[in-house]
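Asker: My questions are about this predicted structure, shown below with the sequence.
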Amino acid sequence: MSNYRRVRVAGATYFFTVNVLDRKRIDLTRPEFRQALREGIKRTRQTLPFKMDACVLLPDHLHCIWTLPPNDANFSARWAIIKRNVSRCCGEAYSGYLNASRQKRKESGIWQRRFWEHWIRDEMDFERHVDYIYYNPVKHGHVQQVGDWPYSTFHRDVKASIYSAHWGSMVPNIETQDLGEFQ
């Protein structure tokens, strides 16, 4: 088994990508998945709080940025609770697609086992990752403008005057910007 090394910094801010197991059969934007995610995040925050700085939910994956409390770097426990909640609420419909390894581990057929994280190092890194998150539905061809995608904290940031409602049309080449590990 691979030995994955994760950077764990208490009180830090992290960018995450979490993917579904089967991109052709699972659509995270369906109401039951959205509700299960909301409940999972709410349940997690009751015992392991975090700040949701930015998030976008796409049919086959999600991206988000979290800031953890001081003296806490356990993002893995938070993801475990959230993924377990979604699997408990929605996983029965996908249990028939599990291979022997997943059945043995009592895993659901919704999520890939791992997730990708990136420790946000400074303000510029933070801004670039938030822009990447918000532009992702356009990049994947789901909408023409960022504001047209409903499953994003972009709308919250527009209300807070952090972003313009037309921001997606004012960032013509974000796909080609240097995003470090994303390329």
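Answerer: Nice, I can see it. Numbering: from 1, shown residues only.

Asker: Would you map the strands across the chain?
Answerer: Ranges of strands in the chain, per DSSP state E, are 13-19, 51-57, 61-67, 116-119.

Asker: out of the ones you listed, nearest to residue 157?
Answerer: Residue 157 lies closest to strand 51-57 among these, at 7.4 Å (CB to CB). All C-beta spots, glycine's among them, are computed from the backbone N, C-alpha and C.

Asker: still on that earlier bit, identify whichever of the strands of the chain lies nearest to residue 27.
Answerer: strand 51-57 (10.2 Å).

Asker: Residue 13: what's it in contact with?
Answerer: 53, 65, 66, 67, 68, 119, 120, 126 (CB atoms under 8 Å, 6 or more residues apart in numbering).

Asker: Report the beta-bridge partners for it.
Answerer: Taking DSSP bridges, one finds residue 67 as the beta-bridge partners of residue 13.

Asker: State the distance from the closest residue to residue 168 other than its chain neighbours to residue 153.
Answerer: In this structure, residue 168 finds its nearest non-sequential neighbour in residue 146, 3.0 Å apart by CB to CB, 6 or more residues apart in numbering. Residue 146 is 11 Å from residue 153, where distance means CB to CB, to the nearest Å.

Asker: Which one of those two is surrounded by more residues?
Answerer: Ranked by neighbour count (other CB atoms under 10 Å), residue 146 and residue 153 place residue 146 first, with 29 against 21.

Asker: how about the more buried one, what does it touch?
Answerer: Going by CB under 8 Å, 6+ apart, residue 146 touches 134, 135, 137, 138, 152, 154, 167, 168, 171.

Asker: Please identify the one among those that lies nearest to residue 89.
Answerer: residue 152 (21.6 Å).

Asker: Give me the number of neighbouring residues for the closest one.
Answerer: Neighbours of residue 152 under the rule other CB under 10 Å: 24.

Asker: that older thread, now which of the contacts of residue 13 would you call buried?
Answerer: 53, 65, 66, 68, 120, 126 (16 or more other CB atoms under 10 Å).

Asker: Now for the protein, the helix or strand with the poorest mean pLDDT.
Answerer: Across the helices and strands of the chain, the lowest-confidence element by mean pLDDT, DSSP states H and E is helix 100-104, at a mean of 53.

Asker: ok, back up a step: okay if I get the contacts of residue 13 as JSON lines plus pLDDT?
Answerer: Formatted as JSON lines, the contacts of residue 13 follow (pLDDT from 0 to 100):
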{"residue": "53", "pLDDT": "98"}
{"residue": "65", "pLDDT": "98"}
{"residue": "66", "pLDDT": "98"}
{"residue": "67", "pLDDT": "98"}
{"residue": "68", "pLDDT": "98"}
{"residue": "119", "pLDDT": "97"}
{"residue": "120", "pLDDT": "97"}
{"residue": "126", "pLDDT": "98"}
